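K.L.:
coords below, sequence missing:
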Ligand SMILES: Nc1ncnc2c1ncn2[C@@H]1O[C@H](COP(=O)(O)OP(=O)(O)O)[C@@H](O)[C@H]1O
Ligand SMILES: [Mg+2]
């Protein structure tokens with residue numbers, strides 16, 4: 001479970017990216033974080049993962065506070081950033097072993113996880129090559145594998161489906177579904193309404209740094225029909241698709 005209380009963040013240039021954020025992400029569901037470009041999604045996810053420190057508020061991950069128990073909180077999480085250009089000089093397998101070392105994953109566990117994930121994501125043959133030579137989609141997949149190498153309970157993914165080929169996108173959605181169905185936490189951002197509609201059990205909609213809507217898919221459909229004040233927002237997220 002992820003719990004954000006009264007989070008606010010203003011960047012040094014004076015832009016307030018998020019404010020008044022009170023969000024509880026329960027486990028056992030795929031929860032979408034939906035909003036147009038610039039809404040505050042990446043900022044929020046970086047706050048949850050401890051990469052950005054908020055100006056006010058607290059973050060709690062499975063009972064661990066990010067301000068006082070950062071290592072414990074981070075061990076619970078796997079974060080897939082929207083920037084897949086990491087450690088380009090390493091070979092895929094070296095990157096995965098590096099991530100496994102950081103998280104203290106045993107040889108036995110890392111071997112079996114690398115095997116499973118690389119076959120599912122069709123990365124097994126590419127592991128011996130340098131990430132520099134990977135396509136954008138392959139870089140995204142190696143980042144996903146690295147983020148999940150310690151089998152974290154909480155998955156946080158920033159626009160994970162953007163730029164993935166259809167087959168890999170299908171496999172990742174399947175992995176997200178299995179993880180949620182096993183009682184874990186899956187929270188991912190998207191700026192595309194249709195993506196959220198297809199795979200989420202529940203969504204938070206953010207715009208201008210504030211939550212505009214939270215609910216399950218039925219209530220999302222209802223507001224789409226009935227709430228004129230959100231109409232432009234929905235239009236923007238549909239147009240982007
Ligand atoms: N490092 C930064 N410095 C200043 N402003 C930023 C920075 N990162 C993001 N912003 C601004 O914060 C707002 C939210 O951005 P972001 O969290 O990236 O939104 P999203 O991921 O929903 O597109 C935008 O106005 C963006 O321009
Ligand atoms: Mg973003």
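P.N.:
That came in fine, so what should we check first? Please read all numbers here as calculations on a predicted model, not as lab measurements. Ligands and ions are numbered 1, 2, ... in the order given.
K.L.:
from here on, contacts and neighbour counts on C-alpha atoms
P.N.:
OK.
K.L.:
for residue 123, phi and psi?
P.N.:
Note on residue 123: its backbone torsions stand at phi -120, psi 0 [degrees, to the nearest 10].
K.L.:
so how many other residues sit close to it?
P.N.:
18 (other C-alpha atoms under 10 Å).
K.L.:
correct me, but it touches residue 139?
P.N.:
No: the criterion here is C-alpha atoms under 8 Å, and residue 123 misses it with residue 139 at 10.0 Å.
K.L.:
low pLDDT regions in the protein?
P.N.:
Residue ranges of the chain with pLDDT under 70: 240-241.
K.L.:
quick one, helices of it?
P.N.:
Using DSSP state H, the helices of the chain run over 41-48, 70-75, 92-102, 107-120, 136-148, 166-181, 193-199, 217-226, 231-239.
K.L.:
so which elements touch the second one?
P.N.:
Using 3 or more C-alpha pairs under 8 Å, 6 or more residues apart in numbering; DSSP states H and E as the contact criterion, the elements in contact with helix 70-75 are strand 64-65.
K.L.:
and the strand it packs on, what does it pack onto?
P.N.:
Judged by 3+ C-alpha pairs under 8 Å, 6+ apart, strand 64-65 is in contact with helix 70-75.
K.L.:
any idea how far the helix it packs on is from the chain center?
P.N.:
Remark: helix 70-75 is offset 16 Å from the chain centroid, using C-alpha atoms, centre = their mean, to the nearest Å.
K.L.:
that older thread, export the helices of the chain as CSV, with columns for mean neighbour count and distance to ligand 1.
P.N.:
CSV is the format used below for the helices of the chain (neighbours: other C-alpha atoms under 10 Å; distance: least, C-alpha to the nearest ligand atom, whole Å):
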stretch, mean neighbour count, distance to ligand 1
helix 41-48, 22, 4
helix 70-75, 17, 20
helix 92-102, 19, 25
helix 107-120, 15, 27
helix 136-148, 23, 17
helix 166-181, 17, 20
helix 193-199, 17, 13
helix 217-226, 14, 19
helix 231-239, 15, 11
